[in-house]
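Q: need a 3D model of the following:
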Amino acid sequence: MSGTVWGIGSLAPLVITLVLAFATRSALVAMIAGTFVGTLMLGVTPGVGMNELLQRALGNGDFIWICEIVILIGILFEMLKQSGVLSALAARFASAGGSRRRVELATWGMGFVIVDDYFSPLLTGTVMRPISDRVAIPREKLAFLLDSTTACVCILVPFTAWGAYVASLIAAQSDAVEDAAEGLAVFIAAIPYNFYPMLMLVLALLVAARIVPDFGPMRRAERRVRETGALIRPGGKPLLAGEDEDVTRAGGGDASIVAELVVPVLLLVGVGVVTLIAYGSVKIVEAFMLADTWLLAVFAVRRRFRSVGDVGDLVVAGTRSVMPALLIVAFAYALNAVTTELGAGAWVIAEFASSISPNSLVVITFLLTSTIAFATGTSWGAYALMMPVALPFALEFAGGEPGPLVYQTVAAIAGGGIFGDHASPVSDTTVLSSVGAGSDHIDHVVTQLPYALVVAALTAGIYLWI
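A: Prediction:
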């Protein structure tokens with residue numbers, strides 16, 4: 001591996017990825033190209049270097065865990081589609097006089113019920129997508145509503161894995177905070193200053209309620225649906241295979257909404273809540289396994305399987321439907337790894353840390369964390385990089401004791417990571433929102449970006465003013 005110090009050049013793989021992604025509208029091709037350039041910059045043989053990078057990036061429990069979740073959601077959706085329950089649900093919703101505003105508000109509200117950044121977009125998307133399609137909501141709009149209410153809710157609710165993680169980082173970097181419990185107290189005190197996620201949730205609500213009109217590329221997506229009825233841009237590649245078919249028309253007429261939709265959803269939510277209380281984290285894989293097992297049993301009882309081979313065919317069909325998403329996630333991990341190894345995050349910190357003063361600390365912290373999260377595609381990674389840099393500055397300026405400046409700095413780190421995630425095409429939560437909505441990934445990023453930029457600008461302005 002090369003020992004070259006790349007400086008600003010460390011951002012080259014990401015810049016190449018972004019340029020190609022927006023030019024070609026192919027996230028996968030862009031990520032492969034950016035990752036390949038990164039391996040060349042690391043000074044390794046192209047073929048061997050890519051192989052070794054993928055082993056380092058993908059040979060870990062986190063990636064395998066995400067793959068399990070995505071495959072299980074693919075199998076779940078395939079069963080929901082084949083059962084015809086989505087058609088029954090859409091028909092019932094239509095007969096109840098459902099409107100676009102009602103569907104969008106319901107989608108937004110589900111983000112507060114399912115407090116998990118991976119679980120929420122997948123489950124909410126699976127349930128709401130056929131209803132959203134029936135009332136002609138663009139897939140980009142559905143993806144935005146899923147994305148805007150996942151990590152934003154997680155970072156504002158202290159008693160989750162997010163709160164525990166940030167609390168541990170605070171405790172590790174400060175002599176003024178004795179342990180993670182006190183770190184959690186600091187994190188809770190910082191929540192009122194965490195303006196980005198709060199403003200994003202408000203903006204998403206106003207957009208869903210039709211109080212704030214759509215703007216930017218989202219407005220064009222809405223016009224496309226009105227004029228052509230196309231829920232996905234012509235030429236768009238949704239992160240679920242087979243999305244050219246109307247899933248609300250699949251299946252027979254004997255579907256049971258209770259047995260084949262309500263019970264699986266209750267199992268998913270129930271396992272999530274119980275495991276969160278019992279273990280302090282949501283056991284997502286176990287929840288989806290239980291829901292899939294229940295539906296397999298229902299299919300068997302209802303004699304929808306002619307042979308054991310039909311079970312295998314169903315699993316293969318469900319897995320095939322999420323292969324585009326799995327490839328995007330894999331190369332997002334690879335691109336994150338190569339930018340980290342080139343020192344992109346460290347360069348950003350070194351370049352701008354000297355500009356920090358008491359008056360500029362909070363806004364610079366917000367912008368730096370946003371940049372790192374955008375470049376690496378991970379808010380948690382940005383937190384780990386920025387907490388050791390910004391928190392000591394805040395404590396020094398505050399006289400060594402937690403106070404408003406410390407709380408504002410912690411909030412700026414927390415919110416900056418969320419904004420960077422929202423703006424980045426290589427963020428795993430952004431990818432999963434595209435999966436949940438069945439949206440073209442780059443179309444989701446492009447349509448969401450103006451909303452994220454508006455909220456980020458308001459947040460930066462507030463930090464400059466307070």
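Q: what about D313, how many neighbours?
A: D313 is flanked by 12 other residues according to other CB atoms under 10 Å. The way it works is simple: take the backbone N, C-alpha and C, and place the C-beta from them, glycine included.
Q: who touches it in this structure?
A: Listed by CB atoms under 8 Å, 6 or more residues apart in numbering, the contact set of D313 is empty.
Q: again, but for L464
A: Neighbour list for L464: V363 [criterion: CB under 8 Å, 6+ apart].
Q: W294 too?
A: With contact set as CB under 8 Å, 6+ apart, W294 has these partners: 263-264, 267.
Q: now render those as CSV, adding neighbour count, distance to F299 and secondary structure.
A: Supplementary listing: those in CSV, determined by neighbours: other CB atoms under 10 Å; distance: CB to CB, whole Å; DSSP: H, G, I helix; E, B strand; the rest coil:
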residue, neighbour count, distance to F299, secondary structure
V263, 17, 13, helix
P264, 26, 12, helix
L267, 19, 15, helix
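Q: between the residues you listed, which is nearest S307?
A: P264 (23.7 Å; CB to CB).
Q: let me know the pLDDT of the nearest residue to that closest one once chain neighbours are set aside.
A: Taking CB to CB, 6 or more residues apart in numbering as the measure, P264 lies nearest to A291, with 4.1 Å between them; neighbours along the chain are not counted. Per-residue confidence at A291 stands at 89 (pLDDT).
Q: tell me which element the closest residue to T378 other than its chain neighbours is part of?
A: Here the nearest residue to T378 in space, its sequence neighbours aside, is N336; by CB to CB, 6+ apart that works out to 6.2 Å. With elements taken from DSSP states H and E, the one containing N336 is helix 323-341.
Q: what do you get for R102?
A: Taking DSSP H and E as the criterion, the element that holds R102 is helix 100-113.
Q: would you state the helices of the stretch 151-300 of the chain in chain order?
A: The residue ranges that make up the helices of the stretch 151-300 of the chain, judged by DSSP state H, counting those that start in this stretch, are 151-156, 161-172, 180-190, 195-208, 217-228, 257, 263-279, 284-301.
Q: for P121, see how far away A164 is.
A: If you measure A164 against P121 using CB to CB, to the nearest Å, the figure is 21 Å.
Q: quick one on the thing from earlier: identify, from the contacts of W294, the entry nearest to H441.
A: Sorting the contacts of W294 by how near they are to H441, with CB to CB, puts P264 at the top with 26.2 Å.
Q: check contacts around the closest one.
A: With contacts taken as CB under 8 Å, 6+ apart, P264 has the following neighbours: 76, 80, 291, 294-295.
Q: pipe those residues into CSV and attach distance to V135 per row.
A: Supplementary listing: the contacts of P264 in CSV, determined by distance: CB to CB, whole Å:
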residue, distance to V135
L76, 23
L80, 18
A291, 25
W294, 28
L295, 26
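Q: these: which two are farthest apart?
A: L80 and W294, at 11.8 Å, using CB to CB across the contacts of P264.
Q: thinking again about what came up before, more crowded one of A164 and P121?
A: The neighbour comparison of A164 against P121 (other CB under 10 Å) goes to P121, with 31 against 17.
Q: residues touching the more buried one, list them.
A: Under the criterion of CB under 8 Å, 6+ apart, the neighbours of P121 are 146-147, 150, 429, 432-433, 435-437.
Q: ok, back up a step: for the residue nearest to P264, what are its contacts?
A: In this structure, A291 makes contact with 76, 264-265, 267-268, judged by CB under 8 Å, 6+ apart.
Q: can I get these in TSV including distance to L464 and pLDDT?
A: Conversion of the contacts of A291 to TSV gives the following (distance: CB to CB, whole Å; pLDDT from 0 to 100):
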residue	distance to L464	pLDDT
L76	46	84
P264	48	86
V265	44	80
L267	47	87
L268	42	80
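Q: contacting residues for the residue nearest to L205 when sequence neighbours are not counted?
A: Nearest residue to L205, sequence neighbours excluded (CB to CB, 6+ apart): W108, at 5.7 Å. Taking CB under 8 Å, 6+ apart as the criterion, W108 is in contact with 145, 148-149, 204-205, 208.
Q: neighbour-wise, which one of those leads?
A: In terms of neighbours by other CB under 10 Å, those top out with L145 at 33 neighbours.
Q: what is the neighbour count of the closest residue to L231 other than its chain neighbours?
A: Take L231 and drop its neighbours on the chain: the residue closest to it by CB to CB, 6+ apart is R139, 5.2 Å away. Per other CB under 10 Å, the neighbour tally for R139 reads 30.
Q: again with A255
A: 20.
Q: now it: how far from R304?
A: With distances defined as CB to CB, the gap from A255 to R304 amounts to 10 Å.
Q: do the same with V202
A: When CB to CB is the yardstick, V202 and R304 sit 45 Å from each other.
Q: more neighbours: which of these two?
A: Comparing V202 with R304 by neighbour count (other CB under 10 Å), the higher total belongs to R304, at 18 against 13.
Q: which helix or strand contains the more buried one?
A: For R304, there is no helix or strand it lies in under DSSP H and E.
Q: tell me the pLDDT at it?
A: Taken from the predicted model, the pLDDT recorded for R304 is 82.
Q: enumerate every residue touching it.
A: Contacts were defined as CB under 8 Å, 6+ apart; by that measure R304 touches 82-83, 310.
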